[in-house]
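Asker: Coordinates for the following, if possible.
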Amino acid sequence: MRLTLRRLAASGVAGMALLAVATAPAAAARPAGPPATTASTDPAAALVAARITFFTADDDKDFDTALNIQVLDPGGAVAGITNVPNIVFPNHTTNGPFPLQITPGFTAGILNNGSVRLAVTPVGNDTWRFSFRLDLDFADHTTVSVVGDNLTLSQDRRTLSVSMTTVGLVFVPSLRFLDIDGAGAKLRTVGLVLRNVDFKPDPLCNSIGTVKEQHPAANAQVPTGTPVDITIGTKPSNPCP
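Answerer: Numbering: from 1, shown residues only. Below you'll find the model as predicted:
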């Protein structure tokens, strides 16, 4: 199978995760699904729907092999889940799409660098060779597709994970006048992380207990996962003006 990879600018894709992959059939290959789609997804856009399609190669999934799919954020929280009915996936067939149940509150930024976890529970022996495409729909009317290709699950290897990238570059939000918890929460919604917290007297007493400075600065464009340092204002030695 020939894969044409289209990446969002500066995004890193780990392991077998393929973002925005258009597939083309090859000789004696599994059935080819519709091309995957992508768009420049807003990191703050909420996940609203997801569905997964399987393309079985030359070794089918037995009718009594249960299948579980989970979409996980980098910390392992479940953003979407489904259990596929115990049905056979014959050789060289397409099965799905199967919708996932979505957990509210997950954004593209939160899901970035997360993973898709697949698990089977076979009765006896069952080796299943397949590929899949997971389509993630976001509230800004964009879709990001994650593709796992040439995979195998069996009674000896019952789980596997495929990493995913949902956004590329993001704008650093302004953290001015937020407390530490608020700054961390706002960064997380766009896929950034809070790193160092320093404390510095504020002679004007405008930002006591809140963010006085940040680095990178607000509106800087950085890769997702970039750490951000903040400085919290404290009371000065002299009385406030």
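Asker: All the helices of the protein, residue numbers only.
Answerer: Here the chain has its helices, by DSSP state H, at 108-111, 180-189.
Asker: So which elements touch the shortest one?
Answerer: In other words, helix 108-111. Here helix 108-111 touches strand 128-138, helix 180-189, going by 3 or more Cβ pairs under 8 Å, 6 or more residues apart in numbering; DSSP states H and E. In this view, the C-beta of every residue, glycine as well, is placed from N, C-alpha and C.
Asker: Which one of the ones you listed lies nearest to Arg51?
Answerer: Closest approach to Arg51 among these is made by strand 128-138 (5.4 Å; Cβ to Cβ).
Asker: export the closest one as CSV, just CAs?
Answerer: Extracted in CSV, the C-alpha atoms of strand 128-138 (Å, rounded to 0.1, in the frame of the first residue of the first chain):
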residue,chain,number,x,y,z
TRP,A,128,-6.2,-10.7,12.9
ARG,A,129,-4.2,-8.7,10.3
PHE,A,130,-5.7,-5.3,9.5
SER,A,131,-5.4,-1.6,9.1
PHE,A,132,-7.7,1.1,10.4
ARG,A,133,-8.7,4.7,9.9
LEU,A,134,-10.1,6.7,12.8
ASP,A,135,-11.9,10.0,12.0
LEU,A,136,-12.1,12.7,14.7
ASP,A,137,-14.6,15.4,14.2
PHE,A,138,-14.2,18.7,16.0
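Asker: so what strands line up beside it?
Answerer: Note on strand 128-138: by DSSP bridges, its sheet partners are strand 47-56 (antiparallel), strand 143-153 (antiparallel).
Asker: Quick one: distance of the first one to the chain centre.
Answerer: When you say that, I think you mean strand 47-56. Mean C-alpha position of strand 47-56 versus that of the full chain (Cα atoms, centre = their mean, to the nearest Å) differs by 13 Å.
Asker: Can you list the buried residues in it?
Answerer: Of all the residues in strand 47-56, those buried under the rule 16 or more other Cβ atoms under 10 Å are Leu47, Ala50, Arg51, Ile52, Thr53, Phe54, Phe55, Thr56.
Asker: contacting residues for the nearest residue to the second one once chain neighbours are set aside?
Answerer: What that stands for is Ala50. Nearest residue to Ala50, sequence neighbours excluded (Cβ to Cβ, 6 or more residues apart in numbering): Leu100, at 4.2 Å. Leu100 is in contact with Ala49, Ala50, Arg51, Ile52, Ile69, Val71, Gly80, Ile81, Thr82, counting by Cβ atoms under 8 Å, 6 or more residues apart in numbering.
Asker: Could you check how far Arg129 is from Val123?
Answerer: 18 Å (Cβ to Cβ, to the nearest Å).
Asker: I'm done for today, thanks for sticking with me.
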